[in-house]
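>>> below is the sequence, then the predicted model.
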Amino acid sequence: MNRSLWIFVAAFGGFAAYAFLAAGIAHAQAPDLSRFSVEDRKSGYVFLGEQVRALQDDDFQNPGMFAVDRGQRIWNTVDGEAGKSCATCHGDAAESMAGVSARYPQFDADRGAIINLELRINEQRMTHMMAPPLEYESEDLLALTTYIAGLSRGMPLEVNIEGDAAPFFEKGKDFFFERRGQLDLACNQCHDDLDGMMLRGDKMSQGQINGFPFYRLIWNSVGSTHRMFEWCNTSMRAEPFAYGSEEYLNLELYVAWRGRGLLVETPAVRR
Ligand code: HEC
Ligand code: HEC
């Protein structure tokens, strides 16, 4: 068996054990939204081993920085029939985009639904550049998203869940606590109830999204929040939803709110 296959098996072997543990404490876990007070909310960084932390901490070693560089190039590249780049209108992203990603996802009046940073970027391409949307999870969309989110690094997540966003937030919250799939598990059973639990030298995190898009070592690539949701859903043996789907957008809003106050770490590095 080659190395990546071994890693794959090791990861999923571990997952079955998590599921087993989670199933054991499955009952009587009523949604408790106050489970994490400000001091209790923890970035996935806290649960990492020293080596992976060191990778994230050093911009020269952090493999996610390739996506940042690529994103910066795309920011400045003219595309589409309008003959414009992002920079044509927004100038220096370090100024115009600082803090923006910390407010995403958010309610969008035109869509009448939640929009995240990936979809905002595509909307900008279509309306302002007359360029086709970039495929979700394509290298280019990930790069541009990572670049823009990276410009909020060190700023606290702060999404709005009030007003028009409220019903979507409620749906996302329900999703988080709903059991699904063959293993009959909900997100909270692992990420609220088992955080910090050691398993084969690996620690379960709170499932926070302050580092996204992040570089995941077992993927050997950068990935989006929705790819992570898909991975967890699949591992729960539940049918995953599509990238950019309403279900995942609502869930993303809930999870971002759940981690409010955590500092953006993009591009984070995770196992
Ligand atoms: C059976 C346990 C389990 C369930 C259920 C589960 N996950 Fe995960 N999740 C994991 C493991 C294992 C990882 C990788 C290690 C870590 O970060 O905890 C992970 C990682 C994550 C991360 C990345 C955290 C970071 O710091 O980068 C997010 C976000 C996440 N999960 C969200 C969810 C959501 C949303 C759901 C429900 C749809 C869910 N998970 C369901 C086990 C689970
Ligand atoms: C023709 C000018 C123009 C171009 C080109 C353009 N934008 Fe914009 N952008 C705007 C305007 C105007 C707004 C505010 C209203 C709106 O959302 O359209 C905006 C808003 C945004 C926002 C939301 C900011 C917030 O605070 O929520 C983001 C993110 C963004 N643009 C990113 C981009 C990216 C990335 C590109 C390139 C793919 C791009 N824009 C191309 C004019 C432009």
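Good, I have the coordinates. Ligands and ions are numbered 1, 2, ... in the order given.
>>> which residues of the stretch 151-271 of the chain fall in helices?
Along the stretch 151-271 of the chain, counting by DSSP state H, counting those that start in this stretch, helices occupy 166-177, 187-191, 225-235, 246-258.
>>> how about the strands of the protein, start to end?
Per DSSP state E, the chain carries strands over the ranges 106-108, 113-115, 198-199, 202-203, 214-216, 221-223, 269-270.
>>> those strands: lowest mean pLDDT?
Among the strands of the chain, strand 198-199 has the lowest mean pLDDT, at a mean of 72.
>>> now check stretch 111-120, is it near ligand 1?
No - if you take C-beta under 6 Å from any ligand atom as the test, stretch 111-120 misses ligand 1, and the best it gets is 13.3 Å. (C-beta placed from N, C-alpha, C; glycine too.)
>>> what is the end-to-end distance of that stretch?
End-to-end span of stretch 111-120 (C-alpha to C-alpha, to the nearest Å): 11 Å.
>>> quick one: buried residues of that stretch?
Neighbour counts over stretch 111-120 (16 or more other C-beta atoms under 10 Å) mark 113, 114, 115, 116, 117, 118, 119, 120 as buried.
>>> name the residues of stretch 236-245 that come out as buried.
Neighbour counts over stretch 236-245 (16+ other C-beta under 10 Å) mark 236, 238, 240, 241, 243, 244 as buried.
>>> kindly report the same for stretch 78-97.
Quick answer for stretch 78-97 (16+ other C-beta under 10 Å): 79, 84, 85, 86, 87, 90, 93, 97.
>>> cool, and stretch 179-190?
Within stretch 179-190, the residues scored as buried using 16+ other C-beta under 10 Å are 181, 183, 185, 186, 187, 188, 189, 190.
>>> residue nearest the centroid of this protein?
The centre of the chain sits closest to residue 225, judged by C-alpha atoms, centre = their mean, with a distance of 2.6 Å.
>>> isn't it right next to residue 117, touching?
No - in this structure residue 225 lies outside contact range of residue 117 using C-beta atoms under 8 Å: 9.2 Å.
>>> near ligand 2, which residues of the stretch 101-250 of the chain?
So far as C-beta under 6 Å from any ligand atom goes, the stretch 101-250 of the chain lies against ligand 2 at 120, 121, 124, 125, 128, 129, 144.
>>> which members of those residues occur in helices, if any?
In this view, these that belong to helices under DSSP state H are 120, 121, 124, 125, 128, 144.
>>> can you name the residues that contact residue 121?
Under the criterion of C-beta atoms under 8 Å, 6 or more residues apart in numbering, the neighbours of residue 121 are 134, 141, 144, 145, 148.
>>> what does residue 205 give?
42, 44, 46, 47, 191, 195.
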